[in-house]
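Student: here's my sequence, what's the structure:
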Amino acid sequence: MESKLVSLNSCKSATFNGVVPAVQPVAIRPSSAEATLGNHLARRLVQIGVRDVFSVPGDFNLTLLDHLIAEPGLNLIGCCNELNAGYAADGYARARGVGACAVTFTVGGLSIINAIAGAYSENLPVICIVGGPNSNDYGANRILHHTIGLPDFTQELRCFQTVTCYQAVVNNLENAPELIDTAISTALKESKPVYISISCNLSGIPHPSFSCDPIPFSLSPKYARFNSFCFKYSQKFHFRMTLTTIYRLSNKMGLEAAVKAVVEFLNKAMKPVMVGGPKMRPANATNAFVKLADACGYPIAIMPSAKGLIPEHHPHFIGTYWGAVSTQLCAEIVESADAYLFVGPIFDDISTVGYSLLLKKAKTIIVQPNLVVIGGGPTFGCVQMKDFLITLAKRVRHNSTAYENYRRIYVGDVHPQKSEPNEALRVNVLFQHIQKMLSGETTVVAEAGDSWFNCQKLKLPLGCGYEVQMLYGSIGWSVGATLGYAQAVPEKRVIACIGDGSFQMTAQEVSTMLRCGQNNIIFLINNGGYTIEVQIHDGPYNVIKNWNYTGLVDAICNGQGKCWTTKVRCEEELIKAIDGATGANKDCLCFIEVIVHKDDTCMELLQFGSTVSIANSRLPNPR
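Tutor: Numbers count the residues shown, from 1 in each chain. Reported below is the predicted structural model:
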């Protein structure tokens, strides 16, 4: 096996799409008394790159939490509720490549399951750990608390089976190492969440299975092109680890056939284009996508759920392809092409604006993490996306015709109308100023709703991160995700754009941000309701009770932690607030409540709402 070592410095600003980071603070070799199940699990989390576990205590997981706390390389972060802990693990996995959360049986598990489902939709490896019933209670026909009153303890497990790629119920010590290691390995290989339930009486029990030596975690060679970990021992039995890339091998003959067929298809085209999709993340194919873009000369666009996965400073980048709500001229260039190469797409109803994309199947090449489909016809399996793109880059003919067409018709940025003195703040003016805040040291987190559309139009400078949950679209996700992302990459300052309706779902996790000393900037956009729902189908249910949001955050802070809040109603106040957040209060969590009119929405949301409304209201097909 070829080995690949990656330095800690390379971890600082990367989104580890498919890469499992494992550079950790030095961990000390445990004594024989610490060779317990709880210690084994904690050590495994450290070895795969987890340094923070987001948790909510409950009587079934308390002993396990003691062992997680005792691990020198782990930091246990207590969240306000289980749903937010799951959202935080989601955000953490986006930044660091893998996340973990720990809750109690059923009441905790069923509370966190919504966040785990979202992580599943986003192809994020999240280790969901649940403290389960005493091992003696399995099969004892007893009714326990935190259940629905039946002696069957499998309800939680059955719920998790549909939103995780592996489930491990550890209720004896003999097979515990195998179950735990298989669960973790599967999460990393499949880039999906897994469920691990551990009986509450087992965490502190020593067993010969849990070696006191720090045996390295490893993956099956057929999945790992690179050695899993490299250990360096000192006289005090300290160890350090590097990074590994989880990587399946392509079928060489299938790869060759796929590349040959695609080269023939693309080289016949007069004006081909490339579009990147969200499945580039689990395939770890961002760099390969850029190499192909450099080689072929095609214009490159992204699907809305893939923003941030490819560099927007690339000379051939033309924006977001989102059907009728695409960025300027992007849809015209993509849909007028005679060949479109989609890399890792998900064609759901949101990203296709109610399935309204003007694409022809016969012109489409779709590259998925292990599959290539050409024109709705020839299909090549066991072909890994990364291998395919790199090989294709060496053989495809350079053709910049479509990009040259784009440059001829591009008319430059359109700026919002200048505000009058003390005029009520408009959303387009707000995002004009947010644009100026972005740098390689920031990451944008966009909440579901109007922020989807306004944040899509932001131009990300080199190194600037971007995260959105679009397919699952769980409102309130961004608060927990901001907590998790900022904890994973403290070098970056998170700028979160959140609507008032979404914030009401998960507001209390600002408390945890303060406890962790984070300096995020939260723009709370207060327009009095669920604006995206209004544009799809209006009704009284879209109006919410208005809160004093800055007062709420001040109350949450309660003099404990660094927090700065302000409320703005016009551009002058906004400029002053941004100066305060980036200047004197740059080390504080900054909460800026932005008051805007309830009908102040962007053009894209208006188009999106009407199109999705038509799609949702289709009559049943005749039988």
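
Student: what's the pLDDT at the nearest residue to Phe160 once chain neighbours are set aside?
Tutor: In this structure, Phe160 finds its nearest non-sequential neighbour in Tyr195, 4.2 Å apart by C-beta to C-beta, 6 or more residues apart in numbering. Backbone N, C-alpha and C define where each C-beta goes, glycine included. Per-residue pLDDT puts Tyr195 at 98.

Student: specify the local secondary structure of Val103.
Tutor: strand (DSSP: H, G, I helix; E, B strand; the rest coil).

Student: ok, now which ones touch it?
Tutor: By C-beta atoms under 8 Å, 6 or more residues apart in numbering, Val103 lies in contact with 55-56, 58, 61, 82, 85, 109, 111-112, 128-131.

Student: give me that answer again for 10 Å
Tutor: Val103 sits next to 54-58, 60-61, 79, 81-83, 85-86, 109-113, 128-131 when contact means C-beta atoms under 10 Å, 6 or more residues apart in numbering.

Student: how near is the spatially most central residue of the chain to Pro133?
Tutor: Nearest to the mean C-alpha position of the chain, counting by C-alpha atoms, centre = their mean, stands Arg94 at 4.1 Å. The spacing between Arg94 and Pro133, counted by C-beta to C-beta, to the nearest Å, is 33 Å.

Student: what count of nearby residues applies to Pro540?
Tutor: Neighbour count for Pro540, taken as other C-beta atoms under 10 Å: 6.

Student: equivalent analysis for Gly139, please.
Tutor: Neighbour tally, Gly139, other C-beta under 10 Å: 10.

Student: helix, strand or coil for it?
Tutor: Going by three-state DSSP: Gly139 is coil.

Student: look up how far Val107 lies from it.
Tutor: On the measure of C-beta to C-beta, Gly139 and Val107 end up 22 Å apart.

Student: buried residues, stretch 378-392. List them.
Tutor: For stretch 378-392, a neighbour-count test (16 or more other C-beta atoms under 10 Å) marks 380, 383-392 as buried.

Student: of those, which belong to helices?
Tutor: Secondary structure from DSSP state H places 385-392 of those in helices.

Student: which one of those residues sits closest to Asp599?
Tutor: Met385 (42.9 Å; C-beta to C-beta).

Student: near the residue nearest to that closest one when sequence neighbours are not counted, how many other residues are there?
Tutor: With sequence-adjacent residues excluded and distances taken as C-beta to C-beta, 6+ apart, Met385 is closest to Ala283, at 4.1 Å. The number of residues packed near Ala283 is 27, by other C-beta under 10 Å.

Student: use 49 as the first number from now on
Tutor: All set: I'll call the first residue 49, so the last point we hit is now Ala331.

Student: list the contacts of Leu198.
Tutor: By C-beta under 10 Å, 6+ apart, the neighbours of Leu198 are 191-192.

Student: thinking again about what came up before, quick check, the residue nearest to Met433 in contact with Ile438.
Tutor: No - counting by C-beta atoms under 10 Å, Ala331 stays clear of Ile438, with 11.9 Å between them.

Student: what touches both of those two?
Tutor: Shared contacts of Ala331 and Ile438, counting by C-beta under 10 Å, 6+ apart, come down to 337, 432.

Student: flag the shaky bits of the protein, pLDDT-wise.
Tutor: 49-82, 260-262, 268-295, 577, 579-580, 582-585, 650, 653-654 (pLDDT under 70).

Student: domain ranges for it?
Tutor: 77-266, 300-457, 475-657 (automatic domain parsing).

Student: for Ala663, which of these is the nearest?
Tutor: That would be domain 300-457 among the domains of the chain, by C-beta to C-beta, at 3.1 Å.

Student: mind listing what the closest residue to Leu405 other than its chain neighbours touches?
Tutor: In space, and not counting its chain neighbours, Leu405 is closest to Gly371: 4.9 Å by C-beta to C-beta, 6+ apart. Counting by C-beta under 10 Å, 6+ apart, Gly371 touches 352, 378-379, 382-383, 399-407, 655-656, 659.

Student: how near is Gly371 to Val307?
Tutor: 30 Å.

Student: show me which residues of stretch 227-247 are buried.
Tutor: Quick answer for stretch 227-247 (16+ other C-beta under 10 Å): 227-229, 231-247.

Student: now, which of the contacts of Val151 lie within helices?
Tutor: 130-131, 133-134, 157-161.

Student: top of those residues by number of neighbours, please.
Tutor: Gly134 (34 neighbours).

Student: looks like that one contacts Ile175 (just checking).
Tutor: No - counting by C-beta under 10 Å, Gly134 does not reach Ile175; the two are 11.3 Å apart.

Student: joint contacts of the two?
Tutor: 147, 149, 241.

Student: for Ala625, see how far away the closest residue to Arg617 other than its chain neighbours is.
Tutor: The spatial neighbour of Arg617 that comes closest, neighbours along the chain excluded (C-beta to C-beta, 6+ apart), is Ile643 at 4.8 Å. Distance of Ile643 to Ala625, given as C-beta to C-beta: 12 Å.

Student: and if you look at Val459?
Tutor: Taking C-beta to C-beta, one finds Val459 at 32 Å from Ala625.

Student: the two: who's more crowded?
Tutor: Ala625 (24 against 7).

Student: just checking, the more buried one is part of a helix?
Tutor: Yes - applying three-state DSSP, one finds Ala625 inside a helix.

Student: got a list of what it touches?
Tutor: Neighbours of Ala625 in contact, by C-beta under 10 Å, 6+ apart: 481, 569, 571, 612-616, 633, 638-642.

Student: those residues in strands, which ones?
Tutor: 569, 571, 612-616, 638-642 (DSSP state E).

Student: neighbour count and distance to Glu170 added to the residues you listed, as CSV?
Tutor: Listed next are the ones in strands among the contacts of Ala625 as CSV, based on neighbours: other C-beta atoms under 10 Å; distance: C-beta to C-beta, whole Å:
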residue, neighbour count, distance to Glu170
Ile569, 25, 23
Phe571, 27, 23
Trp612, 22, 31
Thr613, 22, 31
Thr614, 18, 33
Lys615, 17, 33
Val616, 21, 32
Cys638, 25, 27
Phe639, 28, 26
Ile640, 23, 27
Glu641, 24, 29
Val642, 22, 27
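
Student: which of these sits closest to Ser522?
Tutor: Distances from Ser522 to those, taken by C-beta to C-beta, are shortest for Phe571, at 19.5 Å.

Student: wait, the closest one sits on Ser550?
Tutor: No - Phe571 lies out of contact with Ser550 (C-beta under 10 Å); the separation is 12.0 Å.

Student: overlap in contacts, those two.
Tutor: 495, 499.

Student: from what I see, Ile592 and Ile523 are in contact.
Tutor: No - taking contacts as C-beta under 10 Å, Ile592 lies outside contact range of Ile523: 11.4 Å.
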